[in-house]
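In: What shape does this take:
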Amino acid sequence: MSIEKYTAIILSAGSGSRMKSDIPKQYMELSGAPVIYYSIKAFEESPVDDIVIVCGASDIEYFRSAIVDKYGFKKIKAIVAGGKERYNSVFEGLKAAEGADYVLIHDGARPMVDADIIERSMQAVRESKACVVGMPVKDTIKIADEDGYSAETPDRNHLWQIQTPQSFSYKLLADAYDRLFDDMKSGKDVPSITDDAMIIEYASDKKVRLVEGSYTNIKVTTPEDMGVAEVFLKKSKKS
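Out: This is a model prediction of the structure:
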């Protein structure tokens, strides 16, 4: 019986625009280390077999010296350049992860991912082939009309805020990408892809399972998020 292989694809693209900084958010210092350090560390210490980093083409050498070599990460098998959109970047990571049975796709700007979240994702993707981490929403959500008025209030009991990692069978995701790109080339109207699960939802009949993450598994996007993440890090003693 062969042992199944798990590869984490960590996205390190993005800018510091909403941070009002010239430094991309994933490289900004958080409790003495770059934001992305914490994501890589979590996967480095997890049962995943290896890690693929997707970053800007001009950042590859910097990433290798300032992150991989500096902190001594051993599981990083490849650092590849991303694409124009998120789904293009994930596809580049997917190509570098060839040979894996499952991939766990994670935003490098989510430093609070932990061992429990990763292991729950690994178990769920093994069982269900497609899953995303998230949490039930706490707030009431309104759907706005074109004029900025409330048009609908969906039942909060059925709403989740989606996080990462988002985890899939390698073959399932690769086949879904093939169909997506074929439809794009043929001029079909495809939806705007805002997360990885949407590719599965669009290009296959596979249901995506929701897996409990954590309310602390925030995405660091604004200066306020940095302060919140620092509090969470100190509380978890992760740094």
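In: Mind telling me what element Val228 is part of?
Out: helix 223-236 (DSSP states H and E).
In: next one: that helix to chain centre, how far?
Out: Offset of helix 223-236 from its chain centre (CA atoms, centre = their mean, to the nearest Å): 19 Å.
In: swap in stretch 225-239?
Out: For stretch 225-239, the distance to the chain centre is 19 Å (CA atoms, centre = their mean).
In: which helices and strands sit right next to the helix holding Val228?
Out: strand 29-30 (3 or more CB pairs under 8 Å, 6 or more residues apart in numbering; DSSP states H and E). Every residue, glycine included, has its C-beta placed from N, CA and C.
In: Next up, phi/psi of Asp107, please.
Out: Dihedral angles of Asp107 (phi, psi; degrees, to the nearest 10) stand at phi -80, psi 120.
In: Let me fix that, I meant to ask about Ile51.
Out: When quoted as degrees, to the nearest 10, the phi and psi of Ile51 stand at phi -130, psi 140.
In: Surely it is in contact with Tyr6?
Out: No: taking contacts as CB atoms under 8 Å, Ile51 lies outside contact range of Tyr6: 10.1 Å.
In: quick one: secondary structure of the residue of the chain most remote from its centre?
Out: Going by CA atoms, centre = their mean, the residue of the chain most distant from its centre is Asp147, 32.7 Å out. Under DSSP: H, G, I helix; E, B strand; the rest coil, Asp147 falls in the coil class.
In: roughly how far apart are it and Ala109?
Out: 33 Å (CB to CB, to the nearest Å).
In: mind listing the strands for this protein?
Out: Counting by DSSP state E, one finds strands in the chain at the ranges 6-12, 29-30, 33-34, 50-55, 76-81, 102-107, 130-136, 143-144, 150-152, 160-169, 209-212.
In: Report the inter-axis angle for the fifth one versus strand 50-55.
Out: Strand 76-81 runs at 20 degrees relative to strand 50-55, counting by axes from the mean of the first three to the mean of the last three CA atoms, to 10 degrees.
In: Give me the pLDDT value at the residue positioned nearest the centre of the chain.
Out: A centroid search over the chain (CA atoms, centre = their mean) returns His106, at 2.4 Å, as the residue closest to the centre. Listed pLDDT for His106 reads 98.
In: what's near enough to touch it?
Out: Residues near His106 by CB atoms under 8 Å, 6 or more residues apart in numbering: Ala8, Ile9, Ile10, Leu11, Ser39, Phe43, Val113, Thr164, Pro165, Gln166.
In: Also Ile143?
Out: Ser150, Ala151, Glu152, Thr153, Pro154.
In: ok, and what's touching the helix holding Val228?
Out: In this structure, residues lying in contact with helix 223-236 by CB under 8 Å, 6+ apart are 19-20, 28, 30-31, 35, 38, 111-112, 114, 216, 218-220, 239.
In: Sounds good, over and out.
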